[in-house]
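> Dropping a prediction and its sequence here:
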Protein chains: 2
Amino acid sequence: MAEQRERTAPAGGYARLVAELPATVPFIAPEALERMSGVPIRLRLGANESPFGSSPKAVAAMREAASGTAWYGDPESRDLRLVLANRHGVPFEAISVGSGIDELLGLIARVFLNPGDAVVTSLGGYPTFNYHVAGYGGTLHFVPYTDAWQNDLDGLAEAAHRTSAKLVYLANPDNPTGTVFGAAQLAAFIDALPEQTTLVLDEAYVEFAAGLQTLPMSHCMNRVIRLRTFSKAYGLAGARIGYAVTHPDTVAAFDKVRNHFGVNRVAQAGALAALEDTVFLADVRRQVAAGQAQLTEVAHRLGYRPVPSAASFLFIPVGSADRAARTAEALLQRGVFIRVPGVAPLDEGLRVTIGTREQLSQFAEIWAQVDRELRG
Amino acid sequence: MAEQRERTAPAGGYARLVAELPATVPFIAPEALERMSGVPIRLRLGANESPFGSSPKAVAAMREAASGTAWYGDPESRDLRLVLANRHGVPFEAISVGSGIDELLGLIARVFLNPGDAVVTSLGGYPTFNYHVAGYGGTLHFVPYTDAWQNDLDGLAEAAHRTSAKLVYLANPDNPTGTVFGAAQLAAFIDALPEQTTLVLDEAYVEFAAGLQTLPMSHCMNRVIRLRTFSKAYGLAGARIGYAVTHPDTVAAFDKVRNHFGVNRVAQAGALAALEDTVFLADVRRQVAAGQAQLTEVAHRLGYRPVPSAASFLFIPVGSADRAARTAEALLQRGVFIRVPGVAPLDEGLRVTIGTREQLSQFAEIWAQVDRELRG
């Protein structure tokens, strides 16, 4: 009897919310794909990591900070928040630092949602947001992208009214399509939302949007949560650090439940140094723009029309979900990791991270081979 | 009207659980104390960070890994889990890696508790556990420590039966008292718990417990969650990495909701290297043991009797909560950071982290001064 008990899960069971969830992960990691396929990944172009690395100043700051790792980081991330507050023209109290946008999305779902509350997002939008909403018992309502692979702002606002949504999620620039809206469109969208709806505006890729006029960070802070990260343009994905800018009341609500000592000390040092290195950032942006042009040309040569992108990746529709899936699989067998979104009709496209010039040349060659074989 | 709306918190409000919580943090950071007191902290002996730093091999591994920070870490932490599984003689699937024990405590509360579920812990035990339980709506039931500053195992088991507790928390060695139980006592305690109760066994300080026979990690995995960290003996507090060992079903439940890409890439490299450096770990343990003896002697000279400690700190009752509070305040004014637990009767004691020989000599001098002034 005792032995039998050893082999069963806890007799008390798990929380209802968790017990009812399916076993799922928002993304399968490249390491896991590698272990499944048995083929080492030589071109890692599927997780929108920066192939241009992090600023040498950030790396130096992190190397320096590594020797102080015996000490906890400042749980208030005060130095970093002061710099960010100054940069964005918002009060210090309007900023919350977390272990990347992913952690902040979980915190937002937790702080805003009662089980059953409605949440609106685009059909095929960022899976990790959906994962956290489901994890806190929210009810997701999906609005399809437009035919131009854009988030359907009218549709999202309509759905928010129809469902009395607590949260609406929008990535701008969008992931996985790379499409983008300017400040005026966003302001109109915010005005069109119900008063009780908070907009989660994920700007992970905003640094890549050349010439984009963004909304001031102070715009409607009581109805908008802006999310920024050091994972993309700043090349610090592995450090796990990002931040939210929103109404200080909401930051205070985060503070009631967040993991206060959760942000890595070395990451805080790296982020601060990365912010200073504007020359490096400008160079990354320049290289990403060049890479977009290069990859667009490659796609054109194969007869595909990538969606114009304001982000560090290109979304390339290839005509059918079957073609996209078989392309990704064939690429993986050749050590090339890209993503195909899991939801129709986005599953007709390849999402390819902008690599270095050399990486994109390699990718072009392998993709052309694969494409030929699949057509043949 | 629009302007007025700008100045109010989100009209939709927050989740009930969060709205009902008080604004509180489990610990005020030394950085925050420093900002409040205006006195720079020169002896940081209040957060049980290791004054002996991290293994030079771990620091080297982290410095090396820093240049790869543009890449996300493996969300499955496979390399680290394989090494830990081998070391602890448990299946790979029985291990979950998180951003320190604090994150894992939040995850445990989330995965096990429905709002209103009973949780049992010692009165004055680890505040961060209580914080997360409250954050997920659990109802805490507290059992006082014994007169010997030990967790009252009989009392905890009785309370678990009385309240039909879903979780019981025990730190072993204990924080903040440093007292400890051996394997036989723990096994009997587990047997005495109700079948539906899961024991959260926080072993953050277990590496310091000289000669302690610990329970095998595989003991009753369906009823026990073991928690280990790299923050204490391994000196990697700032890296935020720790792990849980428990039934694979529970690890799978964690995987349904946890922040999959949350563990810093550099931290994973540091942890792996730290595990290898057994010589460094042995040296830290030796120095902590010597420091305990040194600090005990200092306390004796002032007429105090520290509680014998199996951890990297000493709990020193000073006779009254007033005396303890005034001592901590006077020390802080002199740049010395220690902790006084917030709950009676533990608030009669000072919890002092074992510093280096030199730090403890400085502490002895300042404490003697302060103590003289408070008595006089």
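Cool, the structure landed. Here the structure is a predicted model, which is why all the values come from computation and not from measurement.
> So which residues on the stretch 51-200 of chain A come close to chain B?
Neighbours of chain B within the stretch 51-200 of chain A, by Cβ under 8 Å from any Cβ of the partner chain: A:51-54, A:58-59, A:62-63, A:65-76, A:78, A:99-100, A:102-103, A:106, A:110-114, A:117, A:135-136, A:166, A:195-198. Quick note: C-beta positions are derived from backbone N, CA and C, even for glycine.
> could you flag which of the residues you listed are buried?
The neighbour-count test (16 or more other Cβ atoms under 10 Å in any protein chain shown) marks A:51-54, A:58-59, A:62-63, A:65-66, A:68-76, A:78, A:99-100, A:102-103, A:106, A:110-114, A:117, A:135-136, A:166, A:197-198 as buried among these.
> just checking, which of those residues belong to helices?
Residues of those located in helices (DSSP state H): A:58-59, A:62-63, A:65-66, A:78, A:100, A:102-103, A:106, A:110-112, A:135.
> A:Ile354: what's it in contact with?
Shown in contact with A:Ile354 (Cβ atoms under 8 Å, 6 or more residues apart in numbering or on different chains): A:51, A:288, A:291-292, A:295, A:312-314, A:360.
> mind putting the residues you listed in JSON lines, secondary structure and pLDDT included?
Compiled in JSON lines, the contacts of A:Ile354 are given as follows (DSSP: H, G, I helix; E, B strand; the rest coil; pLDDT from 0 to 100):
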{"residue": "A:Pro51", "secondary structure": "coil", "pLDDT": "97"}
{"residue": "A:Val288", "secondary structure": "helix", "pLDDT": "98"}
{"residue": "A:Gly291", "secondary structure": "helix", "pLDDT": "98"}
{"residue": "A:Gln292", "secondary structure": "helix", "pLDDT": "98"}
{"residue": "A:Leu295", "secondary structure": "helix", "pLDDT": "98"}
{"residue": "A:Ser312", "secondary structure": "coil", "pLDDT": "98"}
{"residue": "A:Phe313", "secondary structure": "strand", "pLDDT": "98"}
{"residue": "A:Leu314", "secondary structure": "strand", "pLDDT": "98"}
{"residue": "A:Leu360", "secondary structure": "helix", "pLDDT": "98"}
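> Can you tell me which of the residues you listed has the most neighbours?
A:Phe313 (31 neighbours; other Cβ atoms under 10 Å in any protein chain shown).
> I'd like the distance from that residue to chain B, if you could.
15 Å (Cβ to the nearest Cβ, to the nearest Å).
> ok, back up a step: identify, from the ones in helices among the buried ones among the residues of the stretch 51-200 of chain A next to chain B, the entry nearest to B:Pro248.
Among those, A:Gly135 lies closest to B:Pro248 (Cβ to Cβ), at 19.9 Å.
> so the closest one sits right up against A:Gly106, yeah?
Yes: in this structure, A:Gly135 is within contact of A:Gly106 by Cβ atoms under 8 Å, at 7.1 Å.
> For A:Gly235, which residues are in contact?
A:49-50, A:52-55, A:58, A:274, A:284, B:69-70.
> Ramachandran coordinates for A:Ser96?
Dihedral pair for A:Ser96: phi -130, psi 130, per degrees, to the nearest 10.
> Test my guess that it contacts A:Gly242.
No: in terms of Cβ under 8 Å, A:Ser96 does not count as a neighbour of A:Gly242; the distance is 9.7 Å.
> anything in contact with each of the two?
By Cβ under 8 Å, 6+ apart, A:Ser96 and A:Gly242 have these common neighbours: A:Leu104.
> mind listing what the closest residue to A:Arg110 other than its chain neighbours touches?
Leaving aside its sequence neighbours, A:Arg110 sits nearest to A:Tyr136 (Cβ to Cβ, 6 or more residues apart in numbering or on different chains; 5.4 Å). By Cβ under 8 Å, 6+ apart, the residues touching A:Tyr136 are A:17, A:106, A:109-110, A:113, A:115, B:15.
> Point out where the stretch 251-376 of chain A drops to low pLDDT.
The model of the stretch 251-376 of chain A has no residue with pLDDT under 70.
> sec struct for the closest residue to chain B within the stretch 101-250 of chain A, please.
Nearest residue of the stretch 101-250 of chain A to chain B, counting by Cβ to the nearest Cβ: A:Gly238, 3.1 Å away. Under the three-state scheme (DSSP: H, G, I helix; E, B strand; the rest coil), A:Gly238 adopts helix.
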